[in-house]
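>>> Predicted coordinates and the sequence they were generated for:
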Amino acid sequence: LRGSKSFTAALPGETERNGHGLGYKSVSVGHLEAPPLSPSRLSLGRASSTATSTAAPEQGRPRDYLVLAIFSCFCPVWPLNIVALVFSIMSRNSGQQGDTDGARRLGRMARLLSIVSIVLGTIIIVLYISLSVRGNASF
């Protein structure tokens, strides 16, 4: 037989709170009332900036290549850069939801589309400039 880890104890001021008029409250060992945490151990939100490092991404968090995708939007290959931006945003959302495999896959696709867009955009810009200069040089 297993013994129970709960017990009944008289706690001051419990007669009004438990609604039964008894001076006893049944609690388990894991739910004993503890003093509040000190302010240094109390966590109400994000960690302080001294505790987090922004220089390197977290090891478990995959990269989403959002900056690269935004940079690729300045190249004249419009449908491709928009798709890269969408994949990057989808990668960020998947990472925030805890789907690391999906976030890595979408991030790699965003990186690939961004690089292809930058390369094609550079080729288009160079061709346009060289054709414009050649056309003006014939005068």
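Great, that's in hand.
>>> So which residues of this structure form helices?
Secondary structure of the chain by DSSP state H: the helices cover 14-17, 66-72, 78-96, 100-137.
>>> Now do the buried residues in the third one.
Using 16 or more other C-beta atoms under 10 Å as the burial criterion, the residues of helix 78-96 that qualify are 80-81, 83-85, 87-88, 90-92, 94-95. Where you see a C-beta, it was placed from the backbone N, CA and C, and this is true even at glycine.
>>> Out of the helices of the chain, which gets nearest to residue 60?
helix 100-137 (6.6 Å; C-beta to C-beta).
>>> Give me the contact list for stretch 68-84.
85, 87-88, 110-111, 113-118, 120-122, 124-125 (C-beta atoms under 8 Å, 6 or more residues apart in numbering).
>>> Farthest pair within these?
Of all pairs in these, the most separated under C-beta to C-beta is 87 and 125 at 23.4 Å.
>>> quick revisit: same list, the helices of the chain, but as TSV with distance to residue 60 and mean pLDDT please.
Formatted as TSV, these follow (distance: least, C-beta to C-beta, whole Å; pLDDT from 0 to 100):
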stretch	distance to residue 60	mean pLDDT
helix 14-17	43	50
helix 66-72	18	96
helix 78-96	9	96
helix 100-137	7	94
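>>> hmm, back to that, just the buried residues out of the contacts of stretch 68-84, in PyMOL syntax.
Here is the PyMOL command that selects the buried residues among the contacts of stretch 68-84 (16+ other C-beta under 10 Å):
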select buried, resi 85+87+88+110+111+113+114+116+117+118+120+121
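>>> Check the gap between residue 74 and residue 84 for me.
As judged by C-beta to C-beta, to the nearest Å, residue 74 and residue 84 stand 12 Å apart.
>>> Let me see the contact set for residue 109.
87, 91.
>>> Go through the contacts of stretch 68-84 and name the one nearest residue 102.
Of the contacts of stretch 68-84, the one sitting nearest to residue 102 (C-beta to C-beta) turns out to be residue 87, at 11.1 Å.
>>> my read: residue 111 touches residue 64, true?
No: taking contacts as C-beta atoms under 8 Å, residue 111 lies outside contact range of residue 64: 9.2 Å.
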